[in-house]
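>>> Give the three-dimensional model of this entry:
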Amino acid sequence: MLRILHRTFSKFEEFVKVAGKSKLPSLSKDDTERNIKDLPSFFQYVLDAAKPNKIFPERPILGKDNLNKMILLSKSSSDCDLLMKAYWTYCGHKLWPSRSSIELLIQACINLDCPEKAVDLLLYHRQLRFFPSVKIINNYLKCLIDKQDYALAITVFKIIEPSMFARKNEASYILAISACKLSKNFRWASRFHKRGHEKTPFSNEFYEVIEEMSKDLTPGEQVKFIKKPN
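Numbering: from 1, shown residues only. Predicted coordinates for the structure are as follows:
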């Protein structure tokens, strides 16, 4: 029993000595931050600076503005993988990115022609503290359609469509229905139309766009496509 107490006390003494010398790194006071110009180096720098004290684990120092800095440093589609890793690192440490950061991240994937890499942000949108704006959502759907990734555009809209933002935005529905038309997925075109029309009836302008959209369909396809309710 005495041996156990002695061993425990010795470890406690060592613990106190180490703890007294340990310090959490500070991003704001480190001069190397301003010298880092490329995304991988900056990403590693942020991760290193975020490591908590091994003796007294505390909230990591990531710096909320550093995610935006990483986004601005991105120059290629391969950089988007690092951006997404950085995003989930922040979420893992309960440092929730702001709406502007989320929108910057999605827009970066759009600009770098790799919108599919941001899809998890929308598929798991219920975990977001802030939902992206309608403008960003529409840009994202349009980018997927331009890349002819109609299936992914439909999948994304299936997930986000129940959100309140979509029910009041006809442009989002038009983009989703356009993806359905281009992929000959008339079943989901009708579903999107029915769901959206239930609580917020679409305008005459909406049906004018749909009618124009259906002109190049065969008579059989036009029957399956959505029609203006009587």
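>>> pretty sure Glu221 contacts Cys180?
No: with contact defined as CB atoms under 8 Å, Glu221 does not reach Cys180; the gap is 11.3 Å. All C-beta atoms are positioned from the backbone trio N, CA, C, and that covers glycine.
>>> Those two - which one has more neighbours?
A direct count of neighbours by other CB atoms under 10 Å for Glu221 and Cys180 places Cys180 higher, at 24 against 13.
>>> if I look at the more buried one, how far off is Tyr173?
Shown here: Cys180 relative to Tyr173, a distance of 10 Å by CB to CB, to the nearest Å.
>>> list residues touching both of those two?
Phe192 (CB atoms under 8 Å, 6 or more residues apart in numbering).
>>> Nearest the geometric middle of this structure, what residue?
Nearest residue to the geometric centre of the chain (CA atoms, centre = their mean): Leu121, 2.7 Å.
>>> Flag every buried residue along whichever helix or strand that one is part of.
Taking DSSP states H and E as the criterion, Leu121 maps to helix 119-123. For helix 119-123, the buried set under the neighbour-count rule, 16 or more other CB atoms under 10 Å, comprises Val119, Leu121, Leu122.
>>> if I pick Ala176, what's in contact with it?
Leu141, Ala153, Ile154, Phe157, Glu161, Phe192 are the contacts of Ala176 under CB under 8 Å, 6+ apart.
>>> so how far is Val209 from the closest residue in space to Trp188 that isn't next to it in sequence?
Nearest non-adjacent residue to Trp188, counting by CB to CB, 6 or more residues apart in numbering: Cys180, 5.0 Å away. Distance of Cys180 to Val209, given as CB to CB: 14 Å.
>>> All good on my end, thank you.
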